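S.K.: Okay, sequence plus prediction incoming.
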Amino acid sequence: MTDTPHKTLSLKKKAPTSRTPQDSGPENRRQRSGARARQAALQDHAQQARGIEPASPAVPPISRERRPGVPKPAPKPFHKTAEPRTRRTPEPPHRAPASDTPSVDTEHSPRIERKPRAPRTPRIAETFSLFAPCPHGLEEALSLELQALGYDKVRAGRAGCHFEADWMGVMRANLYSRLATRILVQVAQASIHTEDDILALAHETEWERWFGPEQTLRVDTSAIRSPVKSLQYCNLRVKDGICDRLREREGARPDIDTVRPDARVHLFLDETSATLYLDVSGESLFKRGWRLDKGEAPLRENLAAGLLALSGWTPEAPLLDPFCGSGTILIEAAWIALGVPPGIWRPFSFERLRPHDARLWRHLKDDARAHIATRLEQPLVGCDLQSAAIAAARSNAERAHLGSEAIRFEVCDARQLPAPDSHGWIVTNPPYGERLSDDDVELWPQWATWLKRHYDGWRLNIITSDLELPKQLRLKAQRRTPLHNGALDCRLFQFELVGASYRNPPSAASVAKAPHPSQE
């Protein structure tokens, strides 16, 4: 990395509007409408009666384009002795008829009679029960993230977290959460015994509050230890209940779209109850919108952010991924360091629901953009043996609005990569299983030797499904965190690198037998 600061995030700014002296003329002034226009018209009428020329026309003339084929009317003769025309002032809606209206006082400016406005009833924000699913193993990290975002009653559950928030909090969770897979709003819950109870629950829920027959629908079902025999039949029961209710109340039923629906409903079943959720995220939250080029076994974006959270890395320290692939971990780290919300450049399902407030959502995103930094303080470095993977990583970084200087990608062997700094973090998803060929049997011992020689003081974090990897590295893991990478049961191993192996310290006899460096 060079010492000169570079902008690492490209943000488009609006061009400032410059006003010229000609723009301040009467014809370019802001046009008023409503009560203010009527008041200005009455004031100009009174000034004309006193012989004072108004500063600007109260109501600009209406320009009408002449229709083609219609001849232009001949101009009327102009007489200097003609009296100036007075414009008719429109009457306010609350005034009496013209016959009962008193004449305008020409000595004083007219005053518009205003009715006192009734005080508004304070609106109580509704609180919703929410569930945010996440990959297995990230429940505690997601709980800490939601608490840091200011949510109340956060409780880690199985593969997700429960919490509460108002509608503003619902939008903020979609915008800011890096670890959640989606945000689900609980809309109904009841005890059930048969599939007909699911139909009744769906029919009694106020779906017209959220969407209508003009929108498309999709229903999904998941269950844990539920006595129901067919989840597909439960899907049909929920769909029938929703469609019957909307047809009874609005005269039509929504169409079904399983690819890009406007409204997504999730049914969750356990041993005794059924819970209906409305998915307000749409596509999964790990789809940030920038990753189109993928490697052989890419990490999902929220799992990559979870690895960074579990490793303890902070933007104040350098970061290295020696097996970077398509660059998912490093791009997520760059967004964390710059403060880029993960949902800032993608659409959400709640934008197509009836309660959506477009103005509030626009204000929320503008505030988020205002807090994004433009350059990184510490180096982010990634390397890979395959040039195609490095090209994909650079393309993904560009789509993530990161400049070319944000992350240093290079084609290199991890066993020959020098340390970017005197200390830092290594967070990586190395090849394992079928991705590792028979020719790379010596990869792990050689890489471990290189790390001990050149990365003293660094912290190493590796996610892998190979539980024997610490033994091959000849390192003792300080911590093991169970995780799921898709369907793979994995572990996040954490090591602290030192100059010599701390598993088996060399004995005095072995040190005496070791050759001197000058004799090698």
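M.R.: Sure, I can see it.
S.K.: Tell me how far Trp425 lies from Pro470.
M.R.: Between Trp425 and Pro470 the distance, using C-beta to C-beta, to the nearest Å, works out to 18 Å. From N, CA and C alone the C-beta is placed, and that goes for glycine too.
S.K.: Then Pro261?
M.R.: Pro261 is 45 Å from Pro470, where distance means C-beta to C-beta.
S.K.: ok, now His356?
M.R.: Counting by C-beta to C-beta, the gap between His356 and Pro470 amounts to 50 Å.
S.K.: between those two, who's got more neighbours?
M.R.: Taking neighbours as other C-beta atoms under 10 Å, His356 and Pro470 compare with Pro470 leading, 20 against 16.
S.K.: what about the closest residue to that one other than its chain neighbours, distance to Arg459?
M.R.: Nearest residue to Pro470, sequence neighbours excluded (C-beta to C-beta, 6 or more residues apart in numbering): Ala477, at 4.9 Å. Shown here: Ala477 relative to Arg459, a distance of 12 Å by C-beta to C-beta.
S.K.: Val441: neighbour count?
M.R.: That count, for Val441 with other C-beta under 10 Å as the rule, works out to 10.
S.K.: Distance-wise, check it relative to Leu385.
M.R.: Counting by C-beta to C-beta, the gap from Val441 to Leu385 is 16 Å.
S.K.: same deal with Ala393?
M.R.: For Ala393, the distance to Leu385 under the criterion C-beta to C-beta works out to 13 Å.
S.K.: list the buried ones in the strand or helix carrying Val154?
M.R.: When secondary structure is defined by DSSP states H and E, Val154 falls within strand 152-157. Residues of strand 152-157 classed as buried: Val154, Ala156 (neighbour count, 16 or more other C-beta atoms under 10 Å).
S.K.: strands paired with that strand, and their directions?
M.R.: For strand 152-157, the paired strands and their directions (DSSP bridges) read strand 160-165 (antiparallel).
S.K.: Show the average pLDDT along the partner strand.
M.R.: Per-residue pLDDT values across strand 160-165 average out to 97.
S.K.: who touches that strand?
M.R.: When contacts are taken as C-beta atoms under 8 Å, 6 or more residues apart in numbering, the neighbours of strand 160-165 outside the stretch itself are 127-134, 139, 142-143, 146, 151-155, 172-173, 180-181.
S.K.: Next SSE downstream of that strand?
M.R.: helix 167-176.
S.K.: Quick check: buried residues in the next helix or strand after that next one?
M.R.: Moving toward the C-terminus from helix 167-176, the first helix or strand encountered (DSSP H and E) is strand 184-191. Using 16+ other C-beta under 10 Å as the burial criterion, the residues of strand 184-191 that qualify are Leu184, Val185, Gln186, Val187, Ala188.
S.K.: and which of the residues you listed is nearest to Val340?
M.R.: Distance ranking of the buried residues of strand 184-191 against Val340, using C-beta to C-beta, places Leu184 first at 24.4 Å.
S.K.: Tell me the bridge partners for that closest one.
M.R.: The partner residues for Leu184, given DSSP bridges, come to Phe131, Asp279.
S.K.: tally of neighbours for Gly251?
M.R.: 8.
S.K.: ok, back up a step: of the contacts of strand 160-165, keep whichever come out buried.
M.R.: The neighbour-count test (16+ other C-beta under 10 Å) applied to those identifies 128-134, 139, 142-143, 146, 151, 154, 172-173, 180-181 as buried.
S.K.: Can you pull the poorly scored residue ranges out of this structure?
M.R.: Filtered on pLDDT under 70, the chain yields the residue ranges 1-38, 45-46, 48-124, 293-297, 433-440, 500-520.
S.K.: For it, which residue occupies the most central location?
M.R.: Among the residues of the chain, Gly343 comes closest to the average C-alpha position under C-alpha atoms, centre = their mean, at 1.4 Å.
S.K.: how much space between that residue and Leu299?
M.R.: Relative to Leu299, and taking C-beta to C-beta, Gly343 is found at 18 Å.
S.K.: Would you double-check that Ala389 falls in a helix?
M.R.: Yes. Read with DSSP: H, G, I helix; E, B strand; the rest coil, Ala389 is one of the residues of a helix.
S.K.: Isn't it up against Phe323?
M.R.: No. Using C-beta atoms under 8 Å, Ala389 is not in contact with Phe323; the gap is 9.1 Å.
S.K.: ok so, going back, can you work out which residues contact both of Ala477 and Arg459?
M.R.: By C-beta under 8 Å, 6+ apart, the residues touching both Ala477 and Arg459 are Gln494, Phe495.
S.K.: returning to that earlier point: can you list contacts of the strand holding Val154?
M.R.: Residues beyond strand 152-157 that count as contacts (C-beta under 8 Å, 6+ apart) turn out to be Phe131, Glu139, Glu140, Leu142, Ser143, Leu146, Gln147, Cys161, His162, Phe163, Glu164, Ala165.
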